[in-house]
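Peer 1: Okay, structure incoming, though there's no sequence with it:
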């Protein structure tokens, strides 16, 4: 016979809240909405922040919210343009401020241009339950090749959770101080996790792969603008020049060939030459550069293993 209190406690451990910033996502919204509604374990609450959409997005959201009581819509005024990076995080916090995060065990920043497999969140929670040091995780994003119709990996590393689907243990999210309201927020958070002894990761397992309906790293202007912005974000985070150069050269093999990597390097150099202010925590920047030097010497997988082992002594799962 199952103890009622134990059963209730198990259900509470599976309470997760989704917060989705969006703007003008009418082309993709229904696929994301339908894939979340079809989840084997549904969210306790889904807060969707409409960041001033001018297309059919508000009507689509209202339609789904009327049919599903766990969906709540927050409307922001139209600022006149799409804003990636800081703008997305501002919208995320507009949703976060409407809830009591302590009522949930997991929180996820989820984009409205994804198609998720049915057991996506169930599997993530099972894996986090199995390893108390897992602070944030995700599956891997794929996109559909327009020429062949085949799925192509976006090539994201195993040492980070993916920005489009940041699934967090609430305790970890609170300890790292949440997301930085700047470009590279989705890299800084994972380094903050590692610095405090948590483990961020993503898995390329078929049951948790998801389709990213808009290419990663694109921009409201062009994919080249997105790559330049990425280079700026690396400088802001504190990335060292040798690691940045290696990253840019590696990315030259990805689409857009050559030019994408050059744009990343230019974004970094432009910020460096202009002495743009960096992330204000000097200890964090030193931690990042030490990790990156290990990556250059030993490879990213081995460097991540070494750093995770080294930081284990400072791990504290109790919210501070």
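Peer 2: Structure received. All figures in this text were calculated on a predicted structure; none of them were measured in a lab.

Peer 1: Quick check: closest non-adjacent residue to residue 38.
Peer 2: Counting by CB to CB, 6 or more residues apart in numbering, residue 38 lies nearest to residue 118, which is 5.5 Å off, once chain neighbours are set aside. Every residue, glycine included, has its C-beta placed from N, CA and C.

Peer 1: Within the helices and strands, which one has the one you found?
Peer 2: Using DSSP states H and E, residue 118 maps to neither a helix nor a strand.

Peer 1: Excluding chain neighbours, what is closest to residue 313?
Peer 2: Using CB to CB, 6+ apart, the closest residue to residue 313 is residue 197 (7.3 Å).

Peer 1: Would you mind confirming that that neighbour is in contact with residue 318?
Peer 2: No. Here residue 197 does not reach residue 318: they are 11.9 Å apart, not a contact under CB atoms under 8 Å.

Peer 1: More neighbours: which of the two?
Peer 2: Neighbours per residue, other CB atoms under 10 Å: of residue 197 and residue 318, the larger number sits with residue 197, 19 against 6.

Peer 1: show me what contacts that one?
Peer 2: 133, 311, 312, 313, 314, 315, 316 (CB atoms under 8 Å, 6 or more residues apart in numbering).

Peer 1: ok, for residue 71, nearest residue in space, not its chain neighbours?
Peer 2: residue 65 (4.5 Å).

Peer 1: did I read that right, the one you found in a strand?
Peer 2: No. Checked against DSSP: H, G, I helix; E, B strand; the rest coil, residue 65 lies outside a strand; its state is helix.

Peer 1: how much space between it and residue 187?
Peer 2: 33 Å (CB to CB, to the nearest Å).

Peer 1: who's more crowded, these two?
Peer 2: Taking other CB under 10 Å, residue 65 and residue 187 do not tie; residue 187 has more neighbours (20 against 16).

Peer 1: And the residue lying closest to that one once chain neighbours are set aside, what's its pLDDT?
Peer 2: Using CB to CB, 6+ apart and skipping residues adjacent in sequence, the residue nearest residue 187 is residue 237, 5.8 Å away. For residue 237, the model assigns a pLDDT of 98.

Peer 1: care to break this protein down by domain?
Peer 2: Domain segmentation of the chain under automatic domain parsing yields 12-212, 223-313.

Peer 1: In the stretch 1-150 of the chain, where is pLDDT below threshold?
Peer 2: Low-confidence segments of the stretch 1-150 of the chain (pLDDT under 70): 1-13, 79-84.
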